[in-house]
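Enquirer: what's the 3D shape of this:
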Amino acid sequence: MKRKEQLAPLSREHHQSLVLAKKCIDISRSNDMALITAQCKQIVQKFDEIWESHFAVEEQTLFKLAASYNEQLQRLCDDLTKQHQLLREMKQQMQQGNYNSLETFGIILKTHTRTEERELFPQVERFFNQDDLNEVLRVSNENNNRN
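Expert: Residues are numbered from 1 along each chain as shown. The predicted structure is shown next:
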């Protein structure tokens, strides 16, 4: 889907999230504990660098700015923030050696990412002004330059 240039970096990261989500679901359903363990360890290792960074950009820009546009958009962002927190908690569980949530992690990540692409981004493109969109890109670029 064609996105405004300011949202393109986040949208590309969404593709990466969907690839991970499918992999988590498929590996979990294989019931191969060695693969499940390895995937969970990889999530723990990469989470802060990739997904936490992505979540931070969304929370600091899109979700924060949404409140000034309309209540429906704000409620959607509140729900998405809760999903970010749930994914963070699941990563913590994996970090502590609990690998039972890999499939659920994948399902939530898939649903979450699709919601952002299909519901949030079209509204952002519709309502956000050029300055707001430029701020999203600026923060996204800053975050990517740190990693």
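
Enquirer: can you show me the helices along this structure?
Expert: For the chain, the helices defined by DSSP state H occupy 8-30, 33-47, 53-57, 64-66, 71-95, 102-115, 121-127, 130-146.

Enquirer: tell me how many other residues crowd the closest residue to residue 13 other than its chain neighbours.
Expert: The shortest distance from residue 13 to any non-neighbouring residue, by C-beta to C-beta, 6 or more residues apart in numbering, is to residue 54 (5.0 Å). Every C-beta, even on glycine, is put in place using the N, C-alpha and C of the backbone. Each residue near residue 54 was counted by other C-beta atoms under 10 Å, and the total is 21.

Enquirer: what does the one 4 residues further on give?
Expert: Residue neighbour count, defined by other C-beta under 10 Å, stands at 22 for residue 58.

Enquirer: got it, and residue 12?
Expert: Residues near residue 12, counting by other C-beta under 10 Å: 10.

Enquirer: same deal with residue 113?
Expert: 21.

Enquirer: ditto for residue 43
Expert: There are 24 residues near residue 43, going by other C-beta under 10 Å.

Enquirer: and it, what does it touch?
Expert: For residue 43, the contacting residues are 20, 24, 91, 94, 105, by C-beta atoms under 8 Å, 6 or more residues apart in numbering.

Enquirer: you'd agree the first one is up against residue 109?
Expert: I take that to be residue 20. Yes. The pair residue 20 and residue 109 passes the contact test of C-beta atoms under 8 Å, sitting 6.5 Å apart.

Enquirer: relative to residue 44, how far out is residue 103?
Expert: 16 Å (C-beta to C-beta, to the nearest Å).

Enquirer: re earlier: mind checking the helices of the chain for the one nearest to residue 2?
Expert: helix 8-30 (9.0 Å; C-beta to C-beta).
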